[in-house]
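Engineer: Fold the following and give me the result.
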Amino acid sequence: MKSGYYRNFHLSYCLVCKNKSFDINKGLICNLSNEIADFKETCSDFIIDINQKEKLQKQIDFNIEYEYTSKLSEEFNDFIGNPYFKESEKFDNCMINYQDGKIYKSNFNDHYFLISILFIALIYNLVKSFSDDFNLKISMIILIVIVLYIIFFPKKVIKKIEIDNEGITIKENKIFWNEIYRFGIYIIPGKSTQFDLMVFTLTRGHFTVRLNEYNANHQEIVQIIKNNLKK
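Structural biologist: Next comes the predicted model:
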């Protein structure tokens, strides 16, 4: 597990543990050691605070019910174009090709958009350069910019959703499997129906990502998450 993720992982336990305490300098700590958590995978001193957990669960249930859930049928929502939240358990189980990890890369990103604009500008100036030396110089500058951009910046703009044995990473936020309380797909019907993956956690609110922007089938990703949560 990467060290930068430890704190969120620990908090997913500590916030619903009876042994939690608070220090004005350190934040949430263990009242047995008076230190922040330092376990790797599980905590041997973890005692679940049922009341706190149920309180957090009720808050999430309320938000889902009144903000995202439609009382109409799925078919009618699709017909009138009304957005609705479809719980993960309402999706039929399906066969998937998944082993230890999965990465969904974005279909479109700023990197390719900028390269396309620069390439069009390059072609335009090359055509104009036949009658104007100034445009030839501009074309050379654009060509240099394109080459430098491709060499130094492509990796910084590629978006991805990553799933592994620890959890799911959405927009650079690592969500561990034990953090997840509920999840599903927020469906926005239309000519090009939008599918938003929504993951609700007990300790960090909810995370949303539009799956249409990635090479991600919403039914496949729901099944992968369901399989990991059962482990």
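Engineer: I'd like to know how far the spatially most central residue of the chain sits from residue 196.
Structural biologist: Compute the mean C-alpha point of the chain, and by C-alpha atoms, centre = their mean the closest residue is residue 170, 1.9 Å away. For residue 170, the distance to residue 196 equals 11 Å [C-beta to C-beta, to the nearest Å]. For glycine as for every other residue, the C-beta is placed from the backbone atoms N, C-alpha and C.
Engineer: ditto for residue 216
Structural biologist: Here residue 216 is placed at a distance of 11 Å from residue 196 (C-beta to C-beta).
Engineer: before we move on, what about residue 93?
Structural biologist: Taking C-beta to C-beta, one finds residue 93 at 21 Å from residue 196.
Engineer: Next: residue 86.
Structural biologist: Note on residue 86: its distance to residue 196, by C-beta to C-beta, is 10 Å.
Engineer: and if you look at residue 17?
Structural biologist: In this view, residue 17 and residue 196 are 32 Å apart by C-beta to C-beta.
Engineer: Who has more neighbours out of the two?
Structural biologist: Neighbour totals were compared for residue 17 and residue 196, and residue 17 leads with 23 against 18 (other C-beta atoms under 10 Å).
Engineer: which non-adjacent residue is nearest the more buried one?
Structural biologist: residue 46 (5.4 Å; C-beta to C-beta, 6 or more residues apart in numbering).
Engineer: Give me the pLDDT value at the one you found.
Structural biologist: The model reports residue 46 with a pLDDT of 90.
Engineer: backbone phi and psi for residue 169, please?
Structural biologist: The phi and psi values for residue 169, taken as degrees, to the nearest 10, are phi -110, psi 120.
Engineer: Surely it and residue 175 touch.
Structural biologist: Yes: at 7.3 Å, residue 169 counts as touching residue 175 under the criterion of C-beta atoms under 8 Å.
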